[in-house]
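**Q** need coordinates for the below:
(one chain, ligands or ions: 2)
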Amino acid sequence: MKKVLIIAGFDPSGGAGVLLDVKVVRALNSYAASVVTSLTVQDTQRVYDLKPIDPHFFEYQLQKVVEDIKPDSLKIGLLGSLEIAKAVVKILGKYDLENVVCDPVLRSTSGFEFCKSEFVEFLKYDFFKACDVITPNKNEAEVIFDVEIKDFDEDVLSSIQEKMKKMGIKSCILKGGHLLGEVAEDVLITQSSIFRVYAKKQGFTDNIHGTGCAFSTAFATFLAKGYNMYDALKSTKEYISNLIYNSTKIGSGKLILNP
Ligand SMILES: Nc1ncnc2c1ncn2[C@@H]1O[C@H](COP(=O)(O)OP(=O)(O)O)[C@@H](O)[C@H]1O
Ligand SMILES: Cc1ncc(COP(=O)(O)O)c(N)n1
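**A** Ligands and ions are numbered 1, 2, ... in the order given. Okay, the predicted model is just below:
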């Protein structure tokens, strides 16, 4: 069985973070291990607060689990603090890990800012280059690449590709759930190619919670199974569309996914 290591935050309501990620890996018939970066106070309406785990304790956990289970892929979600992000880079430099997928969670769907500016700079210039692929949504991509994105036209994508080369970012999947229009389009940009996938948009993206977490985890799971990035993206897209179609209301706030 393929093993996916999840590095992410804890959302006690289960709509995002490790609780959701573990369910996604399991639903795709793979094994999930997890190191928690931070605890959040959160329900289906919004994020209220965040407390990062002690970075030394976090690093100790990560090192032990990496050495022991030897994961086939890594999904990195909410990091919680600059110190934890630095600990992850240290471990990535020490062990030869494959299929490192980073979902750059800068802000929650409900508007909670997870990263201060110094932290964002570290992610942009030190963290992302240590990963194989990053999966920003529209707003995150605007911050990371310092561009305004109205749609995924050729000029925007080429300018992002140029910036990726300068920043040492190997591959990037731009998620288009928050773009206007009837279609949910995502684009995989490598340093030499651009590949688009589409699905019919269902419901209202801002009213669904956890789609980015589930997306990056499913993608990491397909990579662990040996899919190349293009096939992993096609399978992830189909899987996410199905999860969104079956999303449900479990509290008074946003719809959640139920893998
Ligand atoms: N309303 C929707 N209908 C269908 N697919 C969607 C919808 N909203 C988002 N998606 C898809 O879900 C995934 C997560 O995208 P997005 O919502 O943009 O990221 P995030 O959750 O990080 O903000 C992408 O594959 C995106 O295209
Ligand atoms: C622990 C944790 N990780 C990630 C997110 C982002 O997810 P979303 O953008 O759907 O709020 C979150 N709210 N909580």
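**Q** which of the helices and strands in the protein ranks last by mean pLDDT?
**A** One helix or strand of the chain scores below all others by mean pLDDT, DSSP states H and E: strand 208-209, with a mean of 90.
**Q** contact partners of that one?
**A** With C-beta atoms under 8 Å, 6 or more residues apart in numbering as the test, strand 208-209 has contacts from 15-16, 44, 109-110, 244, 247, 253-257. For glycine as for every other residue, the C-beta is placed from the backbone atoms N, C-alpha and C.
**Q** try stretch 229-237
**A** So stretch 229-237 is contacted by 133, 171, 173, 186, 188, 190, 195, 197-199, 215, 218-219, 222-223, 227 (C-beta under 8 Å, 6+ apart).
**Q** around ligand 2, which positions in this protein sit nearby?
**A** 8-11, 16-17, 40, 42, 47, 77-78, 105, 108-110, 209-210, 212-213 (C-beta under 6 Å from any ligand atom).
**Q** in the contacts of strand 208-209, find the pair that's most separated.
**A** Of all pairs drawn from the contacts of strand 208-209, the greatest distance, 17.5 Å, lies between Ser110 and Ile244 (C-beta to C-beta).
**Q** more neighbours, these two?
**A** Ile244 (21 against 16; other C-beta atoms under 10 Å).
**Q** tell me which element that one falls in.
**A** Element membership of Ile244, judged by DSSP states H and E, is helix 229-245.
**Q** quick one, strands of the stretch 101-250 of the chain?
**A** 133-134, 171-175, 183-190, 194-200, 208-209 (DSSP state E, counting those that start in this stretch).
**Q** redo these as CSV? Include distance to Asp151.
**A** As requested, those are exported to CSV (distance: least, C-beta to C-beta, whole Å):
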stretch, distance to Asp151
strand 133-134, 20
strand 171-175, 11
strand 183-190, 8
strand 194-200, 12
strand 208-209, 21
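**Q** flag the shaky bits of the stretch 1-150 of the chain, pLDDT-wise.
**A** For the stretch 1-150 of the chain, not a single residue meets the criterion pLDDT under 70.
**Q** ok, Asn246 - how many residues close by?
**A** Residue neighbour count, defined by other C-beta under 10 Å, stands at 11 for Asn246.
**Q** next one: Ser13
**A** 21.
**Q** contacts only, for the residue lying closest to it once chain neighbours are set aside.
**A** Spatial nearest neighbour of Ser13, chain neighbours left out: Asp43 (4.9 Å); criterion: C-beta to C-beta, 6 or more residues apart in numbering. Neighbouring residues of Asp43 by C-beta under 8 Å, 6+ apart: 12-13, 251, 253.
**Q** what does Asp103 give?
**A** Listed by C-beta under 8 Å, 6+ apart, the contact set of Asp103 reads 75-77, 134-136, 212-213, 215-216.
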